[in-house]
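Q: sequence? don't have it. structure:
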């Protein structure tokens, strides 16, 4: 409990729900699910007004429309979207089903982990959660950039694991607007994006933790941004930003490049 008084003698008492011994964390978690956004929950129940309701990156995302217990369709590839980096590498698993809906099944957010170990964890999860499926990968175009500390790019390292990351450069706002358009219900009410409740961090981002900064760009928060970026890179490969329609499969076969080990022996 917090009591605030002004010079005129008026007082405001801030009483948090945790002061009630009957209101456990389990109670709070259940009640939170009934709120339309994380922002409203934080303002009304956590007494936290640091985020404005209007600053969500994806205000089009609705709990009742976009969260569903989705399952993969057999004989269709699973896409993995990647965001790279040592502090919080990220991966999301998704599939476009037979109704042309993008279903997001799972997420992984690493912490202080090198790309080799993170890739191994992604492969292990892929094998466990989606046995028998083929995988395609999309990610940050910077995957092919070299650093002054390592001649091998992230792309080189991932190819040693059989992972070949497809990239397509879009401005951040282009990618964000593409996802916004996909989230909007179609004229017949069809919802084109569904996210599993298992994707807790991704969902928290959609519901308000992933916010706009003062320059009207998605905030670089160091946490929620990474899974959102991973999904944006994936969507950028699958959908045309001008039309919002899925790209047609290429009829051109491209021979995979050999890994750097095959070329250099290292």
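A: Thanks, I have it. Everything numeric here is computed off the predicted structure, so don't read it as measured data.
Q: any stretches of the chain with poor pLDDT?
A: 1-14, 33, 35-43, 47-54, 146-150, 249-266 (pLDDT under 70).
Q: how's it carved up into domains?
A: The chain breaks down by automatic domain parsing into domains covering 2-55, 64-264.
Q: so which of the ones you listed is the most packed in?
A: domain 64-264 (a mean of 16; mean count of other C-beta atoms under 10 Å). C-beta coordinates here come from the backbone N, C-alpha and C atoms, glycine included.
Q: correct me if wrong: residue 202 contacts residue 228.
A: Yes: with contacts counted by C-beta atoms under 8 Å, residue 202 reaches residue 228, the gap being 7.1 Å.
Q: just the strands in the stretch 101-250 of the chain please.
A: 102-109, 135-139, 165-166, 193-195 (DSSP state E, counting those that start in this stretch).
Q: and of those strands, who's closest to residue 56?
A: strand 193-195 (15.1 Å; C-beta to C-beta).
Q: please state the offset of the closest one from the chain centre?
A: Centroid displacement of strand 193-195 relative to its chain, using C-alpha atoms, centre = their mean, to the nearest Å, is 11 Å.
Q: what is that strand packed up against?
A: helix 63-66, strand 102-109, helix 172-183 (3 or more C-beta pairs under 8 Å, 6 or more residues apart in numbering; DSSP states H and E).
Q: using a markdown table, lay out those together with distance to residue 191.
A: A markdown table is the format used below for these (distance: least, C-beta to C-beta, whole Å):
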| stretch | distance to residue 191 |
| --- | --- |
| helix 63-66 | 5 |
| strand 102-109 | 10 |
| helix 172-183 | 8 |
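Q: who wins for proximity to residue 208 among these?
A: Among those, helix 63-66 sits nearest to residue 208 (C-beta to C-beta), with 10.9 Å.
Q: can you name the residues in contact with that closest one?
A: The contact list for helix 63-66 (C-beta atoms under 8 Å, 6 or more residues apart in numbering) reads 33, 36, 183, 185, 191, 193-195, 206-207.
Q: tell me where the stretch 1-150 of the chain has helices.
A: 25-32, 38-45, 63-66, 115-129 (DSSP state H, counting those that start in this stretch).
Q: distance to residue 177 for these - can I get that in a markdown table?
A: Output for the helices of the stretch 1-150 of the chain, formatted as a markdown table (distance: least, C-beta to C-beta, whole Å):
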| stretch | distance to residue 177 |
| --- | --- |
| helix 25-32 | 29 |
| helix 38-45 | 21 |
| helix 63-66 | 17 |
| helix 115-129 | 28 |
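Q: so which of the ones you listed gets nearest residue 73?
A: Nearest to residue 73, of the helices of the stretch 1-150 of the chain and by C-beta to C-beta, is helix 115-129 at 14.2 Å.
Q: distance between the closest one and the chain's centre?
A: Counting by C-alpha atoms, centre = their mean, helix 115-129 comes out at 17 Å from the chain centroid.
Q: now swap in stretch 131-151 and tell me
A: Offset of stretch 131-151 from its chain centre (C-alpha atoms, centre = their mean): 17 Å.
Q: give me the contacts around it.
A: With C-beta under 8 Å, 6+ apart, stretch 131-151 has contacts from 72, 76-84, 126, 152-155, 158, 163-169, 229-230, 233-234, 236-238.
Q: cool, and stretch 210-228?
A: 51, 55-58, 83, 85, 87-90, 92, 107, 109, 172-173, 176, 199, 201-202, 204-205, 209.
Q: give the contact list for the closest residue in space to residue 245 that isn't next to it in sequence.
A: Taking C-beta to C-beta, 6 or more residues apart in numbering, and ignoring the residues beside it in sequence, residue 245 has residue 239 as its nearest neighbour in space, at 6.7 Å. Residue 239 makes contacts with 178, 182, 245-247, as judged by C-beta under 8 Å, 6+ apart.
Q: quick check: the farthest pair among the residues you listed?
A: Applying C-beta to C-beta across the contacts of residue 239, the maximum distance is between 182 and 247, 13.4 Å.
Q: state the distance from the nearest residue to residue 244 once chain neighbours are set aside to residue 192.
A: Nearest residue to residue 244 in three dimensions, chain neighbours excluded: residue 181, at 4.7 Å (C-beta to C-beta, 6+ apart). Here the criterion is C-beta to C-beta, to the nearest Å. By it, residue 181 lies 9 Å from residue 192.
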